[in-house]
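> Test case, fold it:
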Amino acid sequence: LRPRVLRMTSAATNPGYSSYKGGSYWAYGAAYAVWTLNDLAPGDYEIQLRYSAGIDSGGKAVIKAAGQRFEVTVPKGEKDSRKELTLSAGILKVKEPGVDIRLENGGLAEKAGYLLNLHAVSLVPVAGKRP
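Modelled structure (predicted):
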């Protein structure tokens with residue numbers, strides 16, 4: 001098993017908001033990003049969101065993959081929104097190749113203008129967890 005980095009620039013996104021970039025894209029409830037992985041080896045992977053966020057960010061991110069659903073709270077960012085942060089969303093159990101990873105805006109926190117500025121989703125193999 002090897003780690004995979006799914007960059008935001010290679011994701012399929014909501015075409016209605018395709019002209020928006022960074023946090024401005026994730027300001028909309030209909031925002032999503034999808035990656036199709038036909039060659040992801042079966043095993044357990046920790047899902048990590050790599051992002052930056054300002055003081056007007058935060059809310060819920062929803063990840064759907066291989067029939068599993070993960071919901072994670074994205075905390076409000078700091079004043080310096082250029083700093084890359086990492087947030088674990090849970091352990092994805094992949095039983096067979098051919099997985100779509102879908103990240104959705106699950107709702108903004110109170111007074112937040114956007115969810116996050118997603119850089120990438122990392123899938124990090126969990127040691128010793130291979131079927």
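> Low-confidence ranges, this structure, go.
Along the chain, segments meeting pLDDT under 70 span 80-81, 128-131.
> mind listing the strands for the protein?
4-7, 12-13, 32-37, 43-52, 59-65, 68-74, 85-94, 99-108, 117-125 (DSSP state E).
> Make CSV out of the ones you listed and add distance to G23 and mean neighbour count.
C-beta: built from backbone N, CA, C; applies to glycine. Below are these laid out as CSV (distance: least, Cβ to Cβ, whole Å; neighbours: other Cβ atoms under 10 Å):
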stretch, distance to G23, mean neighbour count
strand 4-7, 16, 16
strand 12-13, 14, 14
strand 32-37, 13, 18
strand 43-52, 8, 20
strand 59-65, 11, 19
strand 68-74, 11, 16
strand 85-94, 13, 16
strand 99-108, 11, 19
strand 117-125, 4, 20
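> do you know which of those strands lies nearest G22?
strand 117-125 (4.4 Å; Cβ to Cβ).
> send the alpha carbons of that closest one over as CSV?
Below are the C-alpha coordinates for strand 117-125, written out as CSV (Å, rounded to 0.1, in the frame of the first residue of the first chain):
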residue,chain,number,x,y,z
ASN,A,117,-9.5,26.2,1.2
LEU,A,118,-8.9,22.6,0.3
HIS,A,119,-5.4,21.8,-1.1
ALA,A,120,-5.6,18.0,-1.2
VAL,A,121,-7.0,14.9,0.4
SER,A,122,-4.4,12.4,1.5
LEU,A,123,-5.0,8.7,1.8
VAL,A,124,-2.4,7.3,4.2
PRO,A,125,-2.2,3.5,4.6
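> Much appreciated, bye for now.
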